[in-house]
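In: Sharing a model that was predicted from the sequence below.
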Amino acid sequence: MDLEHARRVAVEAALAAGAVLRESAPGAVAVHDKGGSGDVVTDLDLAAEKLILDRIRAEFPSHRIVAEESGVHGDDRPDGGWTWLVDPLDGTNNVAIGLPAYVVGLALCAGGRPVLGVVHEPLSGRTWSAVSGAGARGPAGPLTGPPSRDLRHGPVLAWTQGHGVSRLDPAVRSLKMTMDARARRVLQLWAPLMCWAMLARGDIDGMIGYRAEGLDLPAGALIAREAGVEIRTLDGGPFEASAEGPPEDRSFVAAPPALVGDLLDLVAEARRLAPALPPL
């Protein structure tokens with residue numbers, strides 16, 4: 001498998017989908033309910049997803065694809081075949097209310113593990129990508145690691161949680177309350193891939209996820225990790241950014257290595273505030 005060729009195909013597909021999104025969003029778009037959790041889908045999601053799927057199929061007809069809106073395409077390959085993960089519009093709820101904060105995300109996984117990730121921001125025209133073991137790239141070239149920032153007033157952190165997590169979940173409430181107390185600012189953008197790109201380029205200092213969605217996790221986590229970000233489970237163990245497995249396996253802290261300990265301390269403090277909780 002030529003991963004560099006796959007990266008070029010993914011980048012070109014993301015750029016083409018981004019052009020479709022940029023021409024129409026944020027503006028008057030048809031918004032439809034999606035499931036019973038308050039999530040939505042727009043006609044833009046569907047148009048961008050079809051474009052991406054057509055391009056991947058043309059180049060890699062034997063690959064399995066898991067797409068945000070249309071589901072699984074191709075046979076399941078339990079033997080560790082190639083699987084594409086496609087999020088054609090990460091930030092749909094933002095588009096629905098006219099907020100210009102959204103990206104396109106693609107990942108290629110082998111045996112459930114991401115080996116390629118692409119995040120494209122249509123409005124700015126910027127793209128971030130990574131190949132496992134070969135580093136991450138941004139608009140200006142290789143990403144050499146998040147720069148040092150002044151943290152005298154606390155870090156800027158991003159938060160993400162899975163769609164199935166209740167707003168009243170006691171673990172969520174404890175974690176978010178502790179983040180609000182210790183961080184200079186906490187971002188909740190409804191677009192986790194955008195947060196991963198911000199972390200990879202050093203615009204924010206860290207990210208905490210609780211039972212994150214599987215589809216948009218691998219691409220962003222791979223780009224951040226290849227850019228020098230360290231990702232751990234909430235108890236400090238090694239973290240595998242896989243779309244597979246239960247939501248409980250997708251809780252994490254992510255930051256430059258020097259700050260990971262601070263985020264783990266934050267999680268430990270949240271746990272002390274709610275001692276009756278099961279392990280976070």
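Out: That came through fine.
In: Buried residues of stretch 123-131, list them for me.
Out: Arg126, Thr127, Trp128, Ser129, Ala130, Val131 (16 or more other CB atoms under 10 Å). Just so you know, the C-beta spots here come from the backbone N, C-alpha and C atoms, and that holds for glycine as well.
In: any idea of the mean pLDDT for it?
Out: Here stretch 123-131 scores 97 as its mean pLDDT.
In: Give me the distance from it to the chain's centre.
Out: 13 Å (CA atoms, centre = their mean, to the nearest Å).
In: what's next to that stretch, contact-wise?
Out: Outside stretch 123-131, the residues that touch it by CB atoms under 8 Å, 6 or more residues apart in numbering are 3-4, 7, 10-11, 14-15, 18, 22, 100, 115-121, 136-139, 143, 197, 200-201, 222-223, 225-227.
In: With stretch 178-188 instead?
Out: 151, 153-160, 176, 195, 204, 208, 266-267, 269-270, 273.
In: Straight-line length of that stretch, end to end?
Out: End-to-end distance for stretch 178-188, by CA to CA, to the nearest Å: 15 Å.
In: tell me the contacts of Val165?
Out: Counting by CB under 8 Å, 6+ apart, Val165 touches Val172, Tyr210, Arg211, Pro247.
In: what's around Leu3, how many residues?
Out: 16 (other CB atoms under 10 Å).
In: Check Val72 too.
Out: 11.
In: again, but for the one 3 residues further on
Out: Residue crowding around Asp75 was assessed by other CB under 10 Å; the count is 9.
In: ok but it is inside a helix, no?
Out: No. Under DSSP: H, G, I helix; E, B strand; the rest coil, Asp75 sits outside any helix and is assigned coil.
In: re the thing from before, make a ChimeraX selection of the buried ones in the contacts of stretch 123-131.
Out: To isolate the buried ones among the contacts of stretch 123-131 in ChimeraX, judged by 16+ other CB under 10 Å, type:
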select :3,7,10,11,14,18,22,115,116,117,118,119,120,121,136,137,138,143,197,200,201,222,223,225,226,227
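In: Sketch out the helices for the stretch 51-200 of the chain, chain order is fine.
Out: Taking DSSP state H, counting those that start in this stretch as the criterion, the stretch 51-200 of the chain contains helices spanning 92-96, 170-182, 192-201.
In: And the buried residues of stretch 123-131, which is closest to Pro218?
Out: Closest to Pro218 out of the buried residues of stretch 123-131 is Ala130 (10.6 Å), distances taken as CB to CB.
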